[in-house]
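Undergrad: sequence? don't have it. structure:
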């Protein structure tokens, strides 16, 4: 079966712009989580959506937002981009809403803010 | 709040040698524990997980890990390392009621000398 698909794979944006990243989970998976990976801060949890509802949120400013559609596809949006938002953004999909199922990660979107 | 410590940032081993990557966690109850591997420019692949039961868990690619509650550790081991094992390894923890949120360690970069 197809894995987790993240688009686009690479993005270059200018400070102050906004960006939208997309994640298509594995078919049948209802949970989508987003993570930011940077050399300095490592892997940090952004938020999780399950059945179109945000269930968990990490410690990120309000510029970071997300949503999930009825087909479980998810988008995350970053407004007023800062240089420090340059990172690899990873999406993970899980079958159910609890921890006893495996999280499958996409290959990520590499965002560069200049 | 839960946390994960991977004390070794870099480890170099010779091909064919044994490997142990350390992971310590901080969490009040029994956590869900995971080891992921990441190759350059790629997403994360699950190696193995511990939820409950037998404290020695087997994973893919010949890896195993042992949960030691008394030491709050979940160290990853492999008896004989292959050059293709060179990658970055992440320990992660989840918890009951946290949905699919994972807290990651800072990672250990493994280099394999031929």
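TA: Ah, there it is. Just so it is clear, the model here is predicted, and its values are computed rather than measured.
Undergrad: I'd say residue A:101 and residue A:95 touch.
TA: Yes - assessed by CB atoms under 8 Å, residue A:101 is found in contact with residue A:95 at 4.5 Å. Placement of C-beta: from N, CA and C, glycine included.
Undergrad: tell me the pLDDT at the spatially most central residue of chain A?
TA: Nearest to the mean C-alpha position of chain A, by CA atoms, centre = their mean, lies residue A:34 at 3.2 Å. pLDDT for residue A:34: 98.
Undergrad: Which helix or strand contains the residue nearest the centre of chain B?
TA: What sits nearest the mean C-alpha location of chain B, by CA atoms, centre = their mean, is residue B:35, with 3.4 Å. Element membership of residue B:35 [criterion: DSSP states H and E] is strand B:32-38.
Undergrad: I'd like the next helix or strand past that strand.
TA: strand B:44-50.
Undergrad: Check which strands are paired with that following strand and give the direction for each one.
TA: strand B:32-38 (antiparallel) (DSSP bridges).
Undergrad: Need the residues that contact the strand it pairs with.
TA: Here strand B:32-38 makes contact (CB atoms under 8 Å, 6 or more residues apart in numbering or on different chains) with A:99-100, A:105, B:21, B:23, B:25, B:44-51, B:59, B:61, B:63, B:65, B:67, B:74, B:76, B:87-96, B:102, B:104, B:107.
Undergrad: Identify the residue nearest residue B:89 in space, chain neighbours excluded?
TA: Distance criterion CB to CB, 6 or more residues apart in numbering or on different chains; nearest residue to residue B:89, sequence neighbours excluded, is residue B:108 at 5.0 Å.
Undergrad: Can you pull the residues of chain B lying near chain A?
TA: By the rule CB under 8 Å from any CB of the partner chain, the part of chain B lying against chain A is B:32, B:36, B:41-46, B:49, B:51, B:90, B:92, B:94-96, B:98-107.
Undergrad: one more time with 6 Å
TA: By the rule CB under 6 Å from any CB of the partner chain, the part of chain B lying against chain A is B:32, B:42-44, B:46, B:51, B:94, B:99-101, B:104, B:106.
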